[in-house]
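what's the 3D shape of this:
(4 chains)
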Protein chains: 2
Amino acid sequence: MKPESRKEEIIKAAAILFKEKGYSAVTMRDLAKAMGIKAASLYNHIQSKQEILSTIIIDLAEEFTTGMNQIVNCDKNATKKIEHIIDLHIDVTLRNSDGLASLNNDWMHLEEKNLQYFEKMRHDYEENFRNIVKKGVDQEEIKPFNIEIMVFSTLSTLRTLYLWYPKQKNIDADLLKHDMISVLLKGVI
Amino acid sequence: MKPESRKEEIIKAAAILFKEKGYSAVTMRDLAKAMGIKAASLYNHIQSKQEILSTIIIDLAEEFTTGMNQIVNCDKNATKKIEHIIDLHIDVTLRNSDGLASLNNDWMHLEEKNLQYFEKMRHDYEENFRNIVKKGVDQEEIKPFNIEIMVFSTLSTLRTLYLWYPKQKNIDADLLKHDMISVLLKGVI
DNA sequence: GTATAAAACTAACAATCGTTAGTTTTGCTT
DNA sequence: AAGCAAAACTAACGATTGTTAGTTTTATAC
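So this is what the prediction gives:
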């Protein structure tokens, strides 16, 4: 049991509240109550409400960026790369499903600098995904459907995992990965 | 050109703002500015901020409920029923993509009564969807993958259409339906 | 032109927001 | 026991929130 700093505890509690009501609807007094202290005491550990949000989102976005870069640079065919992307999303979701709510729904409340940084990471991520699918179509690994629709459909499912996973009791991570790959790649009929 | 009431104009403007920043982050002064009037003037047309939100969400939820009930009661096989569900989502998205943002992200800010009503409609909708897929599996129309994953995956994509559709310029509705059915049902490899 | 209703306005309210300043408590180290 | 830093506290600030009351403007019908 690693000694978790008070700041990390606050950020974790905040992520849960942000997931339930969204960043704007959660007050510093709500967060303090969840921590069992007064709102002003939070400021012994964090600089601002905004700092909490940007920590949650930017850390996760960088995790996805790092993971995607490894996948892009690995020596596999398109299908295997897409399987790795599915793996990546499931891994991150299992580790921090609360934070993913903020990444998905509250990124627009980031301030200027971090907002730009986030939007660039998201854009690059999607672009990398798109290129992998394109290459798969060119090499006739992947069916020549509308590429935008394939990318969008897959990403939608992976990005929404955070909502669905916590409701499934005791689902095995490897089984989840296997089934998700089947459904997303091979279709249901 | 039907005469759109001032109230309808306000709700439409609100849906756009809610989509951009979420219900809690949009103030009545923001909404008034978007309408070119003062905040207090809004109250000549609407009762409260909450009324705007519940109008947006409940109307849409009832639309989905009605559509799903027709599909459930029609005399088709599971595959055709799923195709109809895809149709339904695309139709609603084309008609009111702004409002769908609130339905997806701000339903938790509904008050007690409407919150319960909404949650029941959503639960029934998902249950109907699940049963259609189950029947399809039983009759060997649909592959025997994990049902929860198939339902979740399809619904995630359809629910997120509102984010993606407005970015695609001039995409034809029928083409979109056709390709979406292909990707969601037949898989990409 | 005058009456009437719709729709805008100004001004303000009580509540709540994120945050700061200054102080006290807590828990460890010596 | 004393000293000290971490972490809690109380009290309050200026700004903003949704909303109300009362008034004025605008547009339509006669």
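
and chain A, which residues reach DNA strand C?
Neighbours of DNA strand C within chain A, by CB under 7 Å from any atom of the strand: A:26-30, A:39-40, A:42-43, A:48-50. C-betas here are computed from N, CA, C, even on glycine.

for whichever residue of chain A sits closest to chain B, give me its contacts.
Nearest residue of chain A to chain B: A:Gly187, at 2.5 Å (CB to the nearest CB). When contacts are counted by CB atoms under 8 Å, 6 or more residues apart in numbering or on different chains, A:Gly187 touches B:143, B:184-188.

interface residues of chain A facing DNA strand D?
Counting by CB under 7 Å from any atom of the strand, chain A comes close to DNA strand D at A:5-6, A:32, A:37-41, A:44-45.

list only those of those residues flagged as buried.
Buried members of the residues of chain A next to DNA strand D, counted by 16 or more other CB atoms under 10 Å in any protein chain shown: A:32, A:45.

between the residues of chain A next to DNA strand D, which is closest to B:Gly67?
The closest of the residues of chain A next to DNA strand D to B:Gly67 turns out to be A:Ala32 (CB to CB; 44.1 Å).

wait, isn't the closest one in contact with A:Lys38?
Yes. With contacts counted by CB atoms under 8 Å, A:Ala32 reaches A:Lys38, the gap being 5.5 Å.

hang on, the earlier thing: same list, the residues of chain A next to DNA strand C, but as a markdown table with pLDDT please.
Shown next, in a markdown table, are the residues of chain A next to DNA strand C (pLDDT from 0 to 100):
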| residue | pLDDT |
| --- | --- |
| A:Val26 | 98 |
| A:Thr27 | 98 |
| A:Met28 | 98 |
| A:Arg29 | 98 |
| A:Asp30 | 98 |
| A:Ala39 | 97 |
| A:Ala40 | 97 |
| A:Leu42 | 98 |
| A:Tyr43 | 97 |
| A:Ser48 | 98 |
| A:Lys49 | 98 |
| A:Gln50 | 98 |
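
quick check on the residues you listed: which are buried?
Among those, those buried by neighbour count (16+ other CB under 10 Å) are A:26, A:28, A:30, A:42, A:49.

host element of the residue nearest to the fourth one when sequence neighbours are not counted?
Going back to what we said before, that points to A:Leu42. Spatially, and ignoring its direct neighbours in sequence, A:Leu42 is nearest to A:Ala32 (5.6 Å; CB to CB, 6 or more residues apart in numbering or on different chains). Assigned by DSSP states H and E, A:Ala32 belongs to helix A:28-35.
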